[in-house]
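1. With the sequence up front, the predicted model follows.
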Amino acid sequence: MSRDPFERYEAKPFFGSSHTWAFKHLESIQENSVVLDIGPGSGIAGQFLKDRGVERRCAVEIDPNTREKLAPLYERITPSVEELPQEISFDCVLLLDVLEHMANPFEFLTRLEPRLAPDALVLISVPNITHLAIRLMMAFGYFEYMERGPLDRTHLQFFSRRRFHQLLRALPQSAVIETSGTIEPLELILPRYLTDNRAFHTFSRARLQLMKLWPSLLAYQHVALLKIQKD
C-alpha cells in the first residue's frame, strides 16, 4: 500500500539539507507575511513558521489524507493554487522538492507569478539527476527508481544544474539572489551513533565545501532563492 506525502517525505533538519537551507532564509520572514507552502510533505516548514509566529500560512496539497493531517498547521490548505482566494497575494512561496512531481513545472511557475506580491521571496529545491551516484549507476547500465531521493518513483521531471537554471527563468519578474546545493541526508539511513559526533559533523562540512566546488556532480539537490521585482 502506497504511503501519502505526509508519511513519505521525512523532515531533514540536518546540516547541509534543503530544510536547513530554507529555515535560514525563513528566519527573516515577518510575522504578518502571507506564506504559501506548495507540497508541504510532513509539514516541517509549516511548523517552523508557526513556531516563529507567522500566522498567515497557506498550503497547496493534492493528497486529501495529507491535507487532513496538516489542516491544523495552515490557515488554508487547498488542492490547487487557483482554489485559494484571488485577493491573496503571497509574500513568500516555498517550492521544496515539489516541482519534479509536476507534468509542467515551467508553466506552473508562469501561472504562479501573478499571485506573488512585490518583493516576494521564492525558495526552490529540486533533486539533482546528474549526481555522482546516479552517473555511476548509469555507467554500469542501471536506472532504477527508488522510494525517495533523486530517483523517487513519483518524479515526472529530472533536473540537471543547467535545466534548473532554465526553470528559474520561468519567473521573468524575479532576480536570483542565491543558487546553491545540498548534500545527501545520510542521517536518514545511518544509525545515530555514527552521525551524532564531532567527526561526522566535520565530514559533513567537508562534503558541503566539496559540493560547492562541483555542484553539478556532488549536489544532492539544487536550491535557489529568488526575489520578485514588480514595478
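-> Everything's here; your move.

2. so how far is the strand or helix carrying residue 124 from its chain's centroid?
-> Residue 124 is part of strand 116-127 when elements are defined by DSSP states H and E. On the basis of C-alpha atoms, centre = their mean, to the nearest Å, strand 116-127 sits 10 Å off its chain's mean C-alpha point.

3. Over to stretch 153-160?
-> Distance, centroid of stretch 153-160 to centroid of chain: 13 Å (C-alpha atoms, centre = their mean).

4. now stretch 182-190
-> On the basis of C-alpha atoms, centre = their mean, stretch 182-190 is displaced by 16 Å from the centre of the chain it belongs to.

5. hmm, back to that, what's the helix or strand just after the strand holding residue 124 in contact with?
-> Using DSSP H and E, the helix or strand that follows strand 116-127 towards the C-terminus is helix 132-139. Contact with helix 132-139 is made by 143, 144, 150, 151, 217, 218, as judged by C-beta atoms under 8 Å, 6 or more residues apart in numbering. Yep, even glycine has a C-beta here, placed from its N, CA and C like the rest.

6. For helix 132-139, buried residues please.
-> For helix 132-139, burial by neighbour count (16 or more other C-beta atoms under 10 Å) applies to residue 134.

7. Next, the angle strand 116-127 makes with the helix or strand just after that helix.
-> Once the chain leaves helix 132-139, the next helix or strand it forms, by DSSP H and E, is helix 161-168. Comparing the axes of helix 161-168 and strand 116-127 via axes from the mean of the first three to the mean of the last three C-alpha atoms, to 10 degrees yields an angle of 160 degrees.

8. The helix or strand that helix 161-168 is followed by: partners in the sheet, and parallel or antiparallel?
-> Using DSSP H and E, the helix or strand that follows helix 161-168 in sequence is strand 174-181. Here strand 174-181 is paired, per DSSP bridges, with strand 221-228 (antiparallel).

9. pretty sure residue 120 contacts residue 229?
-> No: if you go by C-beta atoms under 8 Å, residue 120 and residue 229 don't touch, sitting 9.6 Å apart.

10. which one of those two has more residues nearby?
-> Neighbours per residue, other C-beta atoms under 10 Å: of residue 120 and residue 229, the larger number sits with residue 120, 25 against 13.

11. outside of the lengthiest helix in the chain, which residues touch it?
-> In the chain, with assignment by DSSP state H, the single longest helix is helix 198-213. Helix 198-213 is contacted from outside by 14-16, 180-184, 186, 194, 218-220, using C-beta under 8 Å, 6+ apart.

12. With neighbour count and pLDDT as new columns, can these be given to me in JSON lines?
-> Shown next, in JSON lines, are those (neighbours: other C-beta atoms under 10 Å; pLDDT from 0 to 100):
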{"residue": "14", "neighbour count": "18", "pLDDT": "85"}
{"residue": "15", "neighbour count": "16", "pLDDT": "90"}
{"residue": "16", "neighbour count": "22", "pLDDT": "89"}
{"residue": "180", "neighbour count": "18", "pLDDT": "97"}
{"residue": "181", "neighbour count": "26", "pLDDT": "98"}
{"residue": "182", "neighbour count": "27", "pLDDT": "97"}
{"residue": "183", "neighbour count": "24", "pLDDT": "95"}
{"residue": "184", "neighbour count": "21", "pLDDT": "94"}
{"residue": "186", "neighbour count": "16", "pLDDT": "89"}
{"residue": "194", "neighbour count": "12", "pLDDT": "91"}
{"residue": "218", "neighbour count": "21", "pLDDT": "97"}
{"residue": "219", "neighbour count": "24", "pLDDT": "98"}
{"residue": "220", "neighbour count": "26", "pLDDT": "97"}
